[in-house]
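J.: generate a structure from the sequence data that follows.
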Amino acid sequence: MRTLTRVIAAAAATLACTAALAQTYPDKPIKAVVPFAAGSATDQIGRAFAQKMQEALGQPIVIDNKPGVNGMLGADAVAKAAPDGYTLLIGTNSTNAALKSLMKQLPYDQDKAFAPVAYMGSVPLIIAVNPDVPAKTLKELVDLAKAKPKSINFASASTSQLVSTEMLAGMAGIELTNVPYKSGPAAMTDLIGGVVQMFSADFAVMLPQVKAGKVRGLAVTSTKRSPAVPELPTVNEALGLKDYELIAYFAMYVPAGTPADVIAKLNKAANAAASSKEVQEKFAGIGFAVEPGTPEDLAKRGATETAKWAKAIKDAKIEPQ
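T.: Here you go, the predicted structure:
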């Protein structure tokens, strides 16, 4: 009986602490881990959301960039953080859908390490080449690659960038050579400099360089043309493919075990940010599509996306590392 009484007392104390945490949360600054480099789309979107969310929460949200291994290093840091709502993950399809299919082993359980908070939005990618590449269209680039297999190098610093290009290569019947980078901005620098010939990246990284004429945009990876760059065809249009589509998405997570009331407060603040005129106008030019919803909505989307990316990675014949 004494043992049972101690167990019940301990459980009651835990519930009391959890309730107290939820009532006072947040009472100190919150850290949002961005698992990609400063200047990346994840970083830009994460910072915009953080700025709006801290207005609703009444505490600063500090961005902490932890790039590396397609977002794995930053995700791992959040997976191992205290489940108290003071460490957030600005996750992507890389960290929360594709990594388990790209890596032979992760330092955390991708399906169980995180609790979903809110879906933030999605963006398509632009496939581009260095201006010195003698291809004015995606069809011409494919023809070049067919004439000289593996002669065209492409950059990748995230799952979206890698899989979008490998999917294209597989469906078009060409062989390309991947050059991995730690960050999208670094890969872009080398594309402009001619170190690599090809790069598929989100609008935030790619569109300004296309508009400035520093790289040549060839196609977008969505199924519809983007209003931000209507002159670029879709991959489907450019190559006559029916089933090609790949978009990058962004979502917020916390460590598993975070109290439901804390998650609810974060979800409300994140949805308010997604619905704000400031965020929508800021990213309208990069084709950012928001879709506010519940944590349960994000959980369902995560399961669907994980299966989708597993198939895409398998079809692209990408071997786990």
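
J.: so what touches the helix or strand containing Leu141?
T.: Assessed by DSSP states H and E, Leu141 sits inside helix 138-147. Residues outside helix 138-147 that contact it (C-beta atoms under 8 Å, 6 or more residues apart in numbering): 127, 129, 133-135, 151-152, 169, 172-176, 198, 218-219, 233, 235, 238-239. In this view, the C-beta of every residue, glycine as well, is placed from N, C-alpha and C.

J.: what residues sit buried inside it?
T.: Leu138, Lys139, Leu141, Val142, Leu144, Ala145 (16 or more other C-beta atoms under 10 Å).

J.: coming back round to it: the contacts of helix 138-147 in helices, which ones?
T.: Ala169, Ala172, Val235, Ala238, Leu239 (DSSP state H).

J.: does Ala186 really touch Gly39, like I thought?
T.: No: look at Ala186 against Gly39 with C-beta atoms under 8 Å: they stay out of range, at 9.4 Å.

J.: give me the buried subset of the contacts of helix 138-147.
T.: Buried members of the contacts of helix 138-147, scored by 16+ other C-beta under 10 Å, are 127, 129, 133, 135, 152, 169, 172, 174, 176, 198, 218-219, 233, 235, 238-239.

J.: quick one: low-confidence parts of this structure?
T.: 1-22 (pLDDT under 70).

J.: show me where it has strands.
T.: Using DSSP state E, the strands assigned to the chain run over residues 30-34, 61-65, 87-92, 114-129, 153-156, 177-180, 198-202, 216-220, 247-255.

J.: next, the distance between the ends of stretch 311-321.
T.: This stretch, stretch 311-321, spans 17 Å end to end (C-alpha to C-alpha, to the nearest Å).

J.: in it, which residues are buried?
T.: Buried residues in stretch 311-321, counting neighbours by 16+ other C-beta under 10 Å, are found at Ala312, Ile313, Ala316, Ile318.

J.: what residues are up against the most centrally placed residue in the chain?
T.: Among the residues of the chain, the one closest to the centroid is Thr92, at 2.7 Å (C-alpha atoms, centre = their mean). Taking C-beta under 8 Å, 6+ apart as the criterion, Thr92 is in contact with Pro35, Phe36, Thr42, Gly71, Ser158, Thr159, Ser160, Ala248, Tyr249, Phe250, Ala251.

J.: switch the residues you listed over to a markdown table; also include distance to Pro116 and neighbour count.
T.: Below are these laid out as a markdown table (distance: C-beta to C-beta, whole Å; neighbours: other C-beta atoms under 10 Å):
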| residue | distance to Pro116 | neighbour count |
| --- | --- | --- |
| Pro35 | 16 | 32 |
| Phe36 | 19 | 28 |
| Thr42 | 17 | 29 |
| Gly71 | 16 | 29 |
| Ser158 | 20 | 32 |
| Thr159 | 18 | 26 |
| Ser160 | 19 | 28 |
| Ala248 | 17 | 25 |
| Tyr249 | 13 | 21 |
| Phe250 | 13 | 24 |
| Ala251 | 7 | 27 |
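
J.: just curious, which of these is nearest to Asp64?
T.: Set against Asp64, the nearest of those by C-beta to C-beta is Pro35 (9.7 Å).

J.: can you give me the distance of Asp27 to Gln197?
T.: 52 Å (C-beta to C-beta, to the nearest Å).

J.: would you mind writing the CA trace of stretch 165-181 as PDB?
T.: The C-alpha trace of stretch 165-181 is given here as PDB (Å, rounded to 0.1, in the frame of the first residue of the first chain):
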ATOM      1  CA  THR A 165      17.000  16.100 -59.400                       C
ATOM      2  CA  GLU A 166      17.400  12.400 -59.000                       C
ATOM      3  CA  MET A 167      13.700  11.900 -59.800                       C
ATOM      4  CA  LEU A 168      14.100  14.000 -62.900                       C
ATOM      5  CA  ALA A 169      17.100  12.000 -64.000                       C
ATOM      6  CA  GLY A 170      15.300   8.700 -63.500                       C
ATOM      7  CA  MET A 171      12.200   9.700 -65.300                       C
ATOM      8  CA  ALA A 172      14.100  11.400 -68.100                       C
ATOM      9  CA  GLY A 173      16.500   8.500 -68.500                       C
ATOM     10  CA  ILE A 174      19.700  10.400 -67.800                       C
ATOM     11  CA  GLU A 175      22.700  10.100 -65.500                       C
ATOM     12  CA  LEU A 176      23.900  13.100 -63.500                       C
ATOM     13  CA  THR A 177      26.700  13.500 -60.900                       C
ATOM     14  CA  ASN A 178      25.700  14.800 -57.400                       C
ATOM     15  CA  VAL A 179      27.900  17.300 -55.500                       C
ATOM     16  CA  PRO A 180      26.600  17.600 -51.900                       C
ATOM     17  CA  TYR A 181      26.700  20.900 -50.000                       C
END
